[in-house]
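**Q** My questions are about this predicted structure, shown below with the sequence.
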Amino acid sequence: MSAAGVEIERVSFGYGRTRVLEDVSLSIAKGEFFAFLGPSGSGKTTLLRLVAGFGTPDSGRILIGGRDATKQPPWARNVGLVFQSYALWPHMTVAQNVAFGLERRRVGRAERDRRVKAALDLVGLWHLAERRPAQLSGGQQQRVAIARTLAIEPEVLLLDEPLSNLDAGLRAGVRTELVELQRRLGLTTILVTHDQEEANAAADRMAVLNEGRVLQVGAPAELYDRPVDRFVAGFLGTANLIEGVVEQGSFRAGALALPAPDAAPGRATLALRPQALALQRDGGGVPARVVRAEFLGGHVRYTLDLGEGIALTAEEPHLRGLAPIAPGTAIGLSLDAGQASLLRS
Ligand code: ADP
């Protein structure tokens, strides 16, 4: 199987007068596992469908393997699309389901048999080739749907929320298998998901979308550590967003002060992850009061009041012998400027 890169160049798209995508540009490398991550309605599926050839952008271009595919119909692009619903034929066996697309493409018998076996081997289901979909678990059905797509030997694999119909318990396991399969094949893959954990765990890089725009692109940890705006900071896990002012090289909000030598003076928002706040039980640091302590097993989540209307969430890993701090207790808070991000809005 060979892989191709995908270039999305300044793509805009609308359904009638509803604008869905605005000037989207993304460059997905050959062999990369890329995710489109965003809330429901942000345009992820629409963008994926444009890459697959279901619809034509109002403006902009889509290149697959360096070739302009913008106006090509789906069948002329060598891409495979796996949907949320597996849409397997219930009356056909697993092997027949996988062979179906090959028959339609008029692949000869011997080659077809070879590809069906290879694809089912890849997802570890060759031993169930003669079963019908109803005799498989949800996870196995999804693997058949993936095998069916791999059998056509696409250069790009497109996955539209492929795990969302699976039980929570199965999802992580199928996700791991999918990532291992992708790594083994080196197949360029685009995953659409609204689940940040899924994107984080699977993707080499991802694009965060909101309201039809790409807000930020990068490796999952990069985006988590250095979000550019409030939306990205809040969408990728919990973030404390603190309104304040930058003056004379520091950010200030109430009793909080952090060095910000490179920031422009004026109003600013600081983002701080809850685990970047260290609680000092014997004082020191910025004075704060514990408002709430929630014991969550692996960690304790604290709501802290810093006065002047500033409330923060802090998380501390829980270890045996470390009693949660009672509400009402005065503590100190130490902040590491290296863990804080100043946001553009
Ligand atoms: P996502 O995959 O991020 O949930 P979609 O790409 O499905 O988002 O949808 C983006 C926007 O386009 C939504 O506002 C949705 O209502 C709208 N939309 C999607 N499909 C259609 C359609 N066939 N006709 C009109 N509007 C649509």
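**A** Sure thing, it's come through.
**Q** ok, now which ones touch the nearest residue to residue 211 once chain neighbours are set aside?
**A** If the residues on either side of it in the chain are set aside, residue 211 comes closest to residue 42, at 6.3 Å by C-beta to C-beta, 6 or more residues apart in numbering. All C-beta atoms are positioned from the backbone trio N, CA, C, and that covers glycine. Residue 42 makes contacts with 209, 210, 211, 212, as judged by C-beta atoms under 8 Å, 6 or more residues apart in numbering.
**Q** what separates residue 42 from residue 26, distance-wise?
**A** To residue 26, residue 42 is 14 Å away according to C-beta to C-beta, to the nearest Å.
**Q** Which elements pack onto the lowest-mean-pLDDT helix or strand in the chain?
**A** One helix or strand of the chain scores below all others by mean pLDDT, DSSP states H and E: helix 168-185, with a mean of 85. The elements that helix 168-185 packs onto, with contact taken as 3 or more C-beta pairs under 8 Å, 6 or more residues apart in numbering; DSSP states H and E, are strand 33-37, helix 109-122, helix 138-151, helix 196-202.
**Q** by contact count, what packs against the third one?
**A** Secondary-structure packing of helix 138-151 (3+ C-beta pairs under 8 Å, 6+ apart): strand 79-82, helix 94-104, helix 109-122, helix 168-185.
**Q** Can I get the longest one in PDB, CA atoms only?
**A** If I follow you right, that is helix 168-185. Only the C-alpha atoms of helix 168-185 are listed here, as PDB (Å, rounded to 0.1, in the frame of the first residue of the first chain):
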ATOM      1  CA  ALA A 168     -16.600   3.100  26.400                       C
ATOM      2  CA  GLY A 169     -14.900  -0.100  27.500                       C
ATOM      3  CA  LEU A 170     -14.100  -1.200  24.000                       C
ATOM      4  CA  ARG A 171     -13.200   2.200  22.600                       C
ATOM      5  CA  ALA A 172      -9.700   2.500  24.100                       C
ATOM      6  CA  GLY A 173      -8.700  -1.000  22.900                       C
ATOM      7  CA  VAL A 174      -9.900  -0.500  19.300                       C
ATOM      8  CA  ARG A 175      -8.200   2.900  19.300                       C
ATOM      9  CA  THR A 176      -4.900   1.300  20.300                       C
ATOM     10  CA  GLU A 177      -5.300  -1.300  17.600                       C
ATOM     11  CA  LEU A 178      -6.100   1.300  15.000                       C
ATOM     12  CA  VAL A 179      -3.000   3.300  15.900                       C
ATOM     13  CA  GLU A 180      -0.800   0.300  15.700                       C
ATOM     14  CA  LEU A 181      -2.300  -0.700  12.300                       C
ATOM     15  CA  GLN A 182      -1.800   2.800  11.000                       C
ATOM     16  CA  ARG A 183       1.900   2.800  12.200                       C
ATOM     17  CA  ARG A 184       2.500  -0.600  10.600                       C
ATOM     18  CA  LEU A 185       1.000   0.400   7.300                       C
END
